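Asks: got a predicted structure here, sequence first:
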Amino acid sequence: MLKQIAEQLVKTGSYINGRWQQSAQHFTVLNPANQQVLLSVADASASDAERAVCAAADAFASWAALPAAKRSELLQRWYQLVMQHQDDLARLLTLEQGKPLSEAKGEIAYGASYLQWFAEEAKRLYGDTIPAPSNDKRIIVQRQPVGVVAAITPWNFPNAMLARKAAAALAAGCTFIVKPAHQTPLSALALAELAHQAGIPAGVFNVVVGTDAKAIGEVLTQHVKVAKFSFTGSTAVGKQLLKQCADSVKRVSMELGGNAPFIVFDDADLDAAVQGLMAAKFRNAGQTCVCANRILVQQSVYQAFADKLAIAMTQLKVADGLTDGCHIGPLIDDKAVAKVTQLLQSALDDGAKLLLGGSAHSAGAQFFQPTLLTDVQPQMAISNDEIFGPVAALMAFDSEQEAIALANSTEYGLAAYFYSRDIGRVFRVAQALQFGMVGINEGIISNAAAPFGGVKQSGYGREGSKYGLDDYTDIKYLCLGGLQPAM
C-alpha cells in the first residue's frame, strides 16, 4: 500500500535539526483496518528529544529575528507543498489512522488551512502605544515569541492537530518540537519532509517519534529550554503533563477531553438536525473530541427524530477507509473497541434500548456497527464518558431549562451543538451553554478563522483565528522616559 505513495513522503525516523534520524530500536506502525504492518520506524528516546530541544533552542534567535514577511513566505510555501501532495498525504493518513479517504483528504486541506492562515497572521503581530501618565514618557507594547515550543499531538487527527500548533508557533517566531502519537507517526514525518522542502531552516521544526511517551514527555515538559508546551489529548494525561510543566512555570495550552451535547428543540428543522448530527457524530467513526456525545431531544419530537436518524444511519457504509463510498472506518485499536463495547453494554444493562447496530462489524476486528440507543439517562456511564465510537445515545427532555441543565452537567466544556429556529431561544441557549464552542444549526464548526478551544476541564488556550498567536507570544512593555515635551 505504501508503494502507491511518493517515496519521499514515507520516512522511517525522527526529524531533528534538519536531519533524519535512525536508531537501533524500532517499532511497527499498523494499519487499523487489518492490523497489518505498514512500516518499521526508528524508536526515539528521551535523549533524542533532548537533542531536538537543544536544536530548537539554537535555532530560535535567528528564526525570531527573521522578518515576519519571510516567515510568512516559508509558511506559504509549506502550505502549497502540502496541497500539492494532498492525495498522497491523505492515503498515508488513512493507512495509519483508518478514517475514510475522503475524510483524510479533508483533514489534509484543513491542516493546510492553518499553515495558510498563520502565514498571513505572521505579518499582523501588532503591538500598541498607550497614552502615558505624563508628557515626558511614552508607553509601547510589543508582542515577542515565547521561545522554544514543545507539543504532543493525538492519533485521531495526525496531520491537522500538528499543523495548527506548528503554524501558529512558527508564525510567531517560535521554534517547535512535536511528539506525535506512536500509532500515527507517518503523517507527522511527511509534514516534516515538506517543511524541509519548503526551506524551513534546520532546528526550527522537529519531529520526535517514539513509544516511550513517559520519558519523551518528561523532556518536553521539564526541559529548561522549553518555554511553552501544548497538548491535545485526554484530560487525565493533560493533568499529569500540567504538573510536570509547573516546576519550570512554562506557558501551557491544553485541548483536552469533551462530552459534547447535541440538543434538538421542538422548533428545529428535524431533517437539518439529523444531517448536522450525522456530521458531528460519525466523522472519523466518532473518534473526535468535538463529537456529539449526548443527544438531547425534546420529548414532543423525540420519536420523529429517532426515526429519521435511524434511516440516515442505515445508509452508512462501514469498510476499509480506502474503499470507495466508505463512511465509517475502523477504530484505532482493540482497546478502543473494548471501551465502546463496555459503554454500550453498561447502558443496555441500565435500561437503554437498542434500535440499531450494537456489535462488532463483519468488516474486521476493529470495526464497529453504527449504533443507535434510546432511553438513555443522564446518570449512565455512556452519558458521562467520551464514547469515541460510532454510537448515538439519545435522551429526552421536556423544557429549555432542563436541556440547558443537562447539557451543562459535565466537567467538560469543549463543544456543544443545538438546533432551533426561534431567534430568542438561539441567543438564550447560546449564552447559557458552558462550552468554548457552540454550533447553532450547524454540525461542523472547526475552521482556521475560528478560535478552537474549551473551558472547564476541557482545557484552556485557543488555536486558530486571530487569537491563535496569543499563546505563542509574550507581551513586553517598554517605558520610554526623559522625553522633553515640545516647547
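Replies: Structure received. This structure is a prediction, so every number in the text was calculated from the model and none was measured.
Asks: so who does the residue nearest the centre of the chain touch?
Replies: Nearest residue to the geometric centre of the chain (Cα atoms, centre = their mean): Met161, 4.4 Å. Met161 is in contact with Gly111, Thr153, Pro154, Thr232, counting by Cβ atoms under 8 Å, 6 or more residues apart in numbering. Yep, even glycine has a C-beta here, placed from its N, CA and C like the rest.
Asks: measure it to Ala168 for me?
Replies: 12 Å (Cβ to Cβ, to the nearest Å).
Asks: for Gly210, same thing?
Replies: 24 Å.
Asks: the more surrounded of those two?
Replies: More crowded of Gly210 and Ala168, by other Cβ atoms under 10 Å: Ala168, with 31 against 23.
Asks: what about Leu480, neighbour count?
Replies: Count around Leu480 with other Cβ under 10 Å applied: 11.
Asks: how about the residue lying closest to the residue nearest to the centre of the chain once chain neighbours are set aside, phi and psi?
Replies: Spatial nearest neighbour of Met161, chain neighbours left out: Thr153 (4.3 Å); criterion: Cβ to Cβ, 6 or more residues apart in numbering. Torsion angles at Thr153 (phi, psi; degrees, to the nearest 10) stand at phi -120, psi 160.
Asks: tell me the contacts of Thr153?
Replies: Thr153 is in contact with Met161, Leu162, Lys165, Val178, Lys179, Pro180, Ala181, Ala188, Thr232, counting by Cβ under 8 Å, 6+ apart.
Asks: show the pLDDT at it.
Replies: Here, the pLDDT recorded for Thr153 equals 98.
Asks: in a helix, Ile108, correct?
Replies: Yes: under DSSP: H, G, I helix; E, B strand; the rest coil, Ile108 sits within a helix.
Asks: any idea how far it lies from Gln144?
Replies: Look at Ile108 and Gln144: by Cβ to Cβ, they are 32 Å apart.
Asks: do the same with Val290
Replies: 32 Å.
Asks: where do the domain boundaries of the protein fall?
Replies: Residue ranges for the domains of the chain, per automatic domain parsing: 2-256+458-476, 260-440.
Asks: Throw those into TSV and include distance to Ala450, thanks.
Replies: Formatted as TSV, the domains of the chain follow (distance: least, Cβ to Cβ, whole Å):
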stretch	distance to Ala450
domain 2-256+458-476	5
domain 260-440	8
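Asks: closest one to Ala449 among those domains?
Replies: For those, proximity to Ala449 was assessed by Cβ to Cβ; domain 2-256+458-476 is nearest, at 5.8 Å.
Asks: and what about Ala403, helix, strand or coil?
Replies: Ala403 ends up helix, using three-state DSSP.
Asks: now do the contacts for it.
Replies: Counting by Cβ under 8 Å, 6+ apart, Ala403 makes contact with Ile263, Phe265, Leu296, Gln298, Phe397, Phe418, Val429.
Asks: mind checking which of those residues land in helices?
Replies: Secondary structure from DSSP state H places Val429 of these in helices.
Asks: rewinding a little: may I ask which of the contacts of Thr153 has the most neighbours?
Replies: Neighbour max across these (other Cβ under 10 Å) = Met161, 29 neighbours.
Asks: is it in a helix, a strand, or coil?
Replies: Under three-state DSSP, Met161 comes out as helix.
Asks: so what pLDDT did it get?
Replies: Value for Met161, per-residue pLDDT: 98.
Asks: look up how far Val178 lies from it.
Replies: From Met161 to Val178 the distance is 9 Å (Cβ to Cβ).
Asks: repeat for Gln222
Replies: The gap separating Gln222 from Val178 is 17 Å, by Cβ to Cβ.
Asks: repeat for Ala6
Replies: Counting by Cβ to Cβ, the gap from Ala6 to Val178 is 22 Å.
Asks: kindly report the same for His223.
Replies: From His223 to Val178 the distance is 14 Å (Cβ to Cβ).
Asks: over to Val204?
Replies: From Val204 across to Val178, the span is 12 Å (Cβ to Cβ).
Asks: cool, Ala171 as well?
Replies: 16 Å.
Asks: for Leu414, same thing?
Replies: For Leu414, the distance to Val178 - Cβ to Cβ - is 21 Å.
Asks: same check on Ala236?
Replies: Counting by Cβ to Cβ - Ala236 and Val178 are separated by 21 Å.
Asks: repeat for Gly217
Replies: Distance of Gly217 to Val178, computed by Cβ to Cβ: 12 Å.
Asks: shared neighbours, those two?
Replies: Ile152.
Asks: doesn't Ala160 make contact with Gly111?
Replies: Yes: in terms of Cβ atoms under 8 Å, Gly111 counts as a neighbour of Ala160; the distance is 3.7 Å.
Asks: do you know the pLDDT at Ser62?
Replies: Ser62 carries a pLDDT value of 98.
Asks: check which helix or strand covers it.
Replies: Counting by DSSP states H and E, the element that carries Ser62 is helix 46-65.
Asks: for that helix, what is the distance to the chain centroid?
Replies: The chain centroid and the centroid of helix 46-65 are separated by 24 Å, computed with Cα atoms, centre = their mean, to the nearest Å.
Asks: which positions in it come out as buried?
Replies: Of the residues in helix 46-65, 46, 48-57, 59-60, 63-64 count as buried by neighbour count, 16 or more other Cβ atoms under 10 Å.
Asks: that helix packs against which elements?
Replies: strand 15-16, strand 138-145, strand 148-152, strand 175-179, strand 205-207, helix 213-222 (3 or more Cβ pairs under 8 Å, 6 or more residues apart in numbering; DSSP states H and E).
Asks: now tabulate those in CSV and tack on distance to Ala285.
Replies: Listed next are these as CSV, based on distance: least, Cβ to Cβ, whole Å:
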stretch, distance to Ala285
strand 15-16, 29
strand 138-145, 38
strand 148-152, 22
strand 175-179, 24
strand 205-207, 26
helix 213-222, 23
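Asks: Ala381 is nearest to which of those?
Replies: helix 213-222 (26.3 Å).
Asks: if you compare the directions of that closest one and helix 46-65, what angle comes out?
Replies: 30 degrees (axes from the mean of the first three to the mean of the last three Cα atoms, to 10 degrees).
Asks: low-confidence bits of the stretch 301-450 of the chain, can you list those?
Replies: The model of the stretch 301-450 of the chain has no residue with pLDDT under 70.
Asks: distance from the helix or strand hosting Val438 to the middle of the chain?
Replies: In the assignment (DSSP H and E), Val438 maps to strand 437-440. Taking Cα atoms, centre = their mean, one finds strand 437-440 lying 17 Å from the centre of the chain it belongs to.
Asks: check the gap between Leu406 and Gln434 for me.
Replies: Taken as Cβ to Cβ, the span from Leu406 to Gln434 is 12 Å.
Asks: can you show me the strands along the stretch 251-400 of the chain?
Replies: 251-255, 260-264, 292-298, 353-356, 371-374, 391-397 (DSSP state E, counting those that start in this stretch).
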